[in-house]
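>>> I would like to see how this sequence folds:
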Amino acid sequence: MAAIDQGTTSTRAMIFDHRGRVVSVEQLEHEQIFPRAGWVEHDAAEIWRNTRRVGAAALASADLTAKDIVACGITNQRETTVIWERETGRPVHNAIVWQDTRTGELCEQLAGDAGIDRYRERTGLPLSTYFAGPKARWILDSVDGLRERAENGELCFGTMDSWIAWNMTGGVDGGRHVTDVTNASRTMLMDLRTLSWDPDICAELGIPMAMLPEIRSSSGDFGALRGSGPLPGVPLSGILGDQQAATFGQACLEPGEAKNTYGTGNFLLLNTGTEPVFSEHGLLTTVCYRIGEEKPRYALEGSIAVTGSLIQWLRDNLGLFPNASDVERLAAEVDDNGGAYFVPAFSGLFAPRWRSDARGVIVGLTRFVNKNHIARAALEASAFQTREVIEAMQADSGVTLSTLKVDGGMVVNELLMQFQADILDVPVVRPVVNETTALGAAYAAGLAVGFWESEDDIRANWAEDRRWEPGMAVEDRDRLYAEWNRAVEHSFGLN
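From the prediction side, this is the model:
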């Protein structure tokens, strides 16, 4: 079973066996483009080239051919927005990444007197620069002639799943313009209950419906892969946004089960069952997944914009270390953060605060603080932000967290995982396969073609690798968290 995992910093292809174990993996990073402060872009054409390369390499490294692959799933960075020409397949503008804040003024205009919750009851989302709809509007407004072409059906809009699926199923030669319910729920254009595009919201945002993809279930027939892709003839049978895919891969299939992914940002999802639960504490309501014609499952989500990308920033922008993995060694050379707190509000603050006026700050600097303390403060920021989201989730759901299932690239950092358990006062559990995003997409694809018979197979495949128990004194936990909250207040009003 193959999966394409198109992420914020890289694209990977992974092949799994029936037990959900990794057979092969290949990965390529792509360029992060920063045209000005607050703007983040990707070259969608580069990402498609990388998708072809990693797909072919994953087969080659395991000595497999496309005939050995039963089906393929796609998972992707969700809100990142691309618009391309149907006739040529060329993007009309760089993809605008989910972290990008250029639509702040547009979101304020759209909010008007109704406020940021203008569309929350229908979409589950606050008006924010985070989501895809305003990004698409910005592109249409900023490139001459696009709006008329969009209304004439000459252009395709999509999140990165739609871009990859269209190319993999033929591109200009009959490519399928599709998305799934999880990705559609991140555009601010889909009604959560009907699972269809909302014509009123599309009109108010200025998004011609002729450019929108067809919304499908997360697991089903999306067509055969062909054209210049790496897996000709293989069925494309699963699409899930990355955080929903990780939830699926972690076997969080019952109401009340939650996972936290530590990637470019952190994303905590709680399965709430077949009815959407609307947050009163700054969380998002989103589609968790939909299998075939079954009822959709919904989730509450806490989205944190900057966690792993903070470590990348320390490496690339400040040059504190040559490899991201070095941050743990640096941080472990000191006993604590030295009184320094790092609030990485590079793209404002997402859940539960939703402060687009926030910017990154380091608070508590003295002559005593060195690069080791900064490294430790950067890791601790991920854990503090996760606690904020979990407290909001518990307040909304009434569910008390007993353990936290974790996945993503940062969970190999044992210092971070121990601090996370300490600051939460609950055990943190890492599965054997911690790259559960790609695994979740593979599961969705495999269920559609009968490779796995039911969700029971997914539960049976999940296995614990490591568990961290909390060991911090209550007074230390309370003091650190209180000091973190004071630090966050210093980040407000700086844009």
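>>> if I look at E108, how far off is E483?
Going from E108 to E483 by C-beta to C-beta, to the nearest Å gives 32 Å. No exception for glycine: its C-beta is placed from N, CA and C like everyone else's.
>>> Those two - which one has more neighbours?
Ranked by neighbour count (other C-beta atoms under 10 Å), E108 and E483 place E483 first, with 16 against 12.
>>> what residues are up against that one?
341, 364 (C-beta atoms under 8 Å, 6 or more residues apart in numbering).
>>> For it, pull up the helix or strand it's in.
In this structure, E483 sits in helix 474-489 according to DSSP states H and E.
>>> And the helices in the stretch 101-250 of the chain, which stretches?
Assigned by DSSP state H, counting those that start in this stretch, the stretch 101-250 of the chain shows helices spanning 104-111, 120-123, 132-142, 146-151, 160-168, 181-184, 199-205, 242-249.
>>> what would these look like in TSV with mean pLDDT?
Formatted as TSV, these follow (pLDDT from 0 to 100):
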stretch	mean pLDDT
helix 104-111	92
helix 120-123	94
helix 132-142	96
helix 146-151	91
helix 160-168	96
helix 181-184	97
helix 199-205	95
helix 242-249	92
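>>> could those helices go into TSV alongside distance to R290?
Output for these, formatted as TSV (distance: least, C-beta to C-beta, whole Å):
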stretch	distance to R290
helix 104-111	28
helix 120-123	16
helix 132-142	19
helix 146-151	28
helix 160-168	14
helix 181-184	5
helix 199-205	20
helix 242-249	10
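>>> Need the winner for burial among these.
Using mean count of other C-beta atoms under 10 Å, the stretch among the helices of the stretch 101-250 of the chain with the greatest mean number of neighbours is helix 242-249 (a mean of 32).
>>> What is that one packed up against?
In this structure, helix 242-249 makes packing contacts with strand 72-76, strand 258-262, strand 266-273, strand 284-289, strand 297-304, helix 436-449, judged by 3 or more C-beta pairs under 8 Å, 6 or more residues apart in numbering; DSSP states H and E.
>>> chain center to the third one, what's the gap?
Just to be clear, that refers to strand 266-273. Strand 266-273 sits 12 Å away from the centroid of its parent chain (C-alpha atoms, centre = their mean, to the nearest Å).
>>> How about the last one?
The gap between where helix 436-449 is centred and where its chain is centred comes out at 16 Å by C-alpha atoms, centre = their mean.
>>> Quick check: next helix or strand after it?
Heading C-terminal from helix 436-449 (DSSP H and E), you reach helix 455-461.
>>> Quick one: residues in contact with that following helix.
19-20, 248-249, 251, 253, 291, 443, 447, 452.
>>> Provide a list of residues in contact with G233.
66-67, 224-226 are the contacts of G233 under C-beta under 8 Å, 6+ apart.
>>> returning to what we had before: figure out which of the helices of the stretch 101-250 of the chain is closest to R53.
Nearest to R53 among those is helix 160-168 (13.2 Å), distances taken as C-beta to C-beta.
>>> The closest one packs against which elements?
strand 2-6, helix 44-61, strand 72-76, strand 81-85, strand 155-159, strand 178-180, strand 236-241.
>>> go with 10 Å
When contacts are defined as 3 or more C-beta pairs under 10 Å, 6 or more residues apart in numbering; DSSP states H and E, helix 160-168 sits against strand 2-6, helix 44-61, strand 72-76, strand 81-85, strand 155-159, strand 178-180, helix 181-184, strand 236-241.
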